[in-house]
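S.K.: missing the sequence, but the structure's below:
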């Protein structure tokens, strides 16, 4: 069985047309099966400013009111998703764009209001891979944006990292699945000031040691918790690093594995 | 063989949430196979104003510069398409949204500059129904917005009526195909001032007579030319009227047929 590669890209690739073109060219040449998941980048914030919609952040997280949800839907599912699909077609990679509403793929629940009201943010409840699987089997590549829905007609904003890990978990029941988080660094760093101090492998027990030693901290903690959750639920391995980790597997990056 | 219904809706339904909800509820209950094609409505012009992008019309047609194309991509493929798909899912109608780039479905060529430079407007060159057909066969409903691509990475703006007729022509090679254009009147009128003066049937020879008599004129001419082009190329019949023509086939509307 071929390994299914689920690859998540974020703002550092999406916001830079040359980086995006170069990534998509290499992605197109990757042996199938593969799925792309993209975040939003700076375009949503830029559009919010243009439209006079205030960007509200609480504890580092974006609050999604109805106007923000509309902007995100337009930017993520419209401009970014269709631009990526058109560019993939130009590379003869036949792709279809998805939000979580398409094919009823990603059903979420509006996050309950506790201390903070995050607005139209969705916590994933159910993933149905019927449609993307149907496409993959025909050699057509699903491209997901970070939007889910509640099955009652409401679109919701869901973190792209979560979309990627939930898809990877769901597909791991049918495929051997590897998940790749592309970001702006070569991997998880031992020393944030040394770009090359990449921790090449992290297992759950090593992770506890790294937390205790204060080496993994802040924003990296939820990201890695999310990764171990995926590994516990069937995903084979997870890579964190620059896109080169996918195209040149010997390049420096971090691998997360159960053992 | 079941008749495939391809239904195009425009601004008069999209811009009114109650009308849209009511239409989508009935659409969800329609016997399959079916495809929905939607136009843009007023949202694109509203967003253009908000973003300070000038709406340029020449001879009644929108000029699509790069900023306008971005707005259209955001509104049509993002906000409207995903809202419709989410609403269909709420009605337990499993749907997938498409631009012409998705599945390489609708390939167009940027309109050559002659007297007028229409900008990023695409004239359809090729329709590939592989992916929407794959979905239809699994009972999943394709929902198309009015965006095509040139297979070189460029998205293009293509009239929704044309998207609908080109899809109908392509599908008529595999299915018996009926095409429905929903608009704000009960049908093609003999007398524009009498809402009930609907011409119930138009064949090509009757069409010539109606043109000569000055009864069909102006904006209606390209619309009907487009219809006869589809009929000549395999589409079985075309309905023009209120959405009720689809759900209550005995209601007053115009049918175009070859004979």
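M.R.: Everything's here; your move. Computed from a predicted structure; not experimentally measured. Residues are numbered from 1 along each chain as shown, chains lettered A, B, ... in the order given.

S.K.: Provide a complete list of residue ranges assigned to strands in the stretch 1-150 of chain A.
M.R.: A:3-9, A:34-38, A:57-58, A:61-62, A:95-98, A:106-110, A:122-127, A:141-144, A:147-149 (DSSP state E, counting those that start in this stretch).

S.K.: Determine the number of other residues adjacent to the residue in chain A that chain B sits nearest to.
M.R.: Nearest to chain B in chain A, going by C-beta to the nearest C-beta, is residue A:78, at a distance of 2.3 Å. Where C-beta positions appear, they are placed from N, C-alpha and C, glycine not excepted. Residue A:78 is flanked by 30 other residues according to other C-beta atoms under 10 Å in any protein chain shown.

S.K.: before we move on, the earlier item: put together TSV for the strands of the stretch 1-150 of chain A, with mean neighbour count, distance to chain B and mean pLDDT on each row.
M.R.: TSV is the format used below for these (neighbours: other C-beta atoms under 10 Å in any protein chain shown; distance: least, C-beta to the nearest C-beta, whole Å; pLDDT from 0 to 100):
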stretch	mean neighbour count	distance to chain B	mean pLDDT
strand A:3-9	23	17	98
strand A:34-38	26	13	98
strand A:57-58	10	23	82
strand A:61-62	16	17	76
strand A:95-98	30	5	98
strand A:106-110	22	9	98
strand A:122-127	18	11	97
strand A:141-144	24	9	98
strand A:147-149	30	5	98
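
S.K.: Is it possible to get JSON lines of those that adds distance to residue B:195?
M.R.: Listed next are the strands of the stretch 1-150 of chain A as JSON lines, based on distance: least, C-beta to C-beta, whole Å:
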{"stretch": "strand A:3-9", "distance to residue B:195": "53"}
{"stretch": "strand A:34-38", "distance to residue B:195": "48"}
{"stretch": "strand A:57-58", "distance to residue B:195": "53"}
{"stretch": "strand A:61-62", "distance to residue B:195": "49"}
{"stretch": "strand A:95-98", "distance to residue B:195": "40"}
{"stretch": "strand A:106-110", "distance to residue B:195": "43"}
{"stretch": "strand A:122-127", "distance to residue B:195": "44"}
{"stretch": "strand A:141-144", "distance to residue B:195": "45"}
{"stretch": "strand A:147-149", "distance to residue B:195": "38"}
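
S.K.: Could you pull out the strands in the stretch 151-259 of chain A for me?
M.R.: In the stretch 151-259 of chain A, strands defined by DSSP E, counting those that start in this stretch lie at A:155-157, A:176-182, A:201-202, A:237-241, A:254-256, listed in chain order.

S.K.: Quick check: can you name the pairing partners of the helix or strand of chain A with the lowest mean pLDDT and their directions?
M.R.: Lowest on mean pLDDT, DSSP states H and E among the helices and strands of chain A sits strand A:61-62, with a mean of 76. When pairing is defined by DSSP bridges, strand A:61-62 lines up against strand A:57-58 (antiparallel).

S.K.: Show me what from the stretch 1-150 of chain A comes close to chain B.
M.R.: A:47, A:50-52, A:70, A:73-79, A:81-83, A:85-87, A:89-90, A:94-99, A:101-104, A:130-131, A:134-135, A:138, A:140, A:147, A:149 (C-beta under 8 Å from any C-beta of the partner chain).
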